[in-house]
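# structure for this input, please:
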Amino acid sequence: TEDNLTSVESVVYTGEEQKPEITMMCGDKVIEPVLYNVEYSDNVNAGTAEMTITAARGEYLNTVYSGSFTATFEILKAQPEYTVPTDISGTQHSTLGSVKLPAGFSWEEPETVLSETGELSATVTYTPADTQNYETVTGIKVLLTVGSPIKGDVNLDGKVDISDASLVLKYYANIGAGLN
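Purely as a prediction, here's the structure:
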């Protein structure tokens, strides 16, 4: 019965089937593994996995044990592997949220205004593609180089292009219409 099973430790996701070792007890005696069979299910991905323990049968097994029961164990999410982003740069007076990061990374405080030029330390979160089996990692420190805005870079994206000209034209059109 379930009372004969010692506690089953949680395991960490590996992408492979998880089959934690178990110990069956009868009082203070260990029940030999040849006297029972263990079948596992839902034992690959993070979450609750099951095992069904059934008393073994056979001519050579003269045993008092019989029946079966189901127990559960936890497969914990694994820590993902990632590379801390480097060579990140932004423009003074813009926000962290406007600074591009590699896939999977996001700024923890995207509304922070980059008010000074030079190096700035900020924190990012890494969210893996497989959030079912991997933890999201927070509090990752990155260094960001903040440069002065380029003349004509109206939208502060680090370059002067047609989108800046469009914003200037829209601004002057609104003035002419009495909207600014």
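
# helices of the chain, start to end?
162-176 (DSSP state H).

# which parts of it are strands?
11-12, 24-26, 29-31, 36-41, 47-55, 68-76, 88-91, 105-107, 118-126, 137-147 (DSSP state E).

# starting at the chain centroid, how far to the longest one?
Translated: strand 137-147. Its chain's average C-alpha position is 18 Å from that of strand 137-147, according to CA atoms, centre = their mean, to the nearest Å.

# again with the first one
Mean-position distance between strand 11-12 and its chain equals 15 Å (CA atoms, centre = their mean).

# same thing with stretch 66-83?
The answer for stretch 66-83 is 17 Å, by CA atoms, centre = their mean.

# any buried residues in that stretch, and which?
Residues Phe73, Ile75, Lys77, Ala78, Pro80 are the ones in stretch 66-83 that count as buried (16 or more other CB atoms under 10 Å). (Glycine included, C-beta is placed from N, CA and C.)

# for the record, mean pLDDT for that stretch?
If you average the pLDDT over stretch 66-83, you get 93.

# tell me how far Lys151 lies from Asp130.
Lys151 is 45 Å from Asp130, where distance means CB to CB, to the nearest Å.
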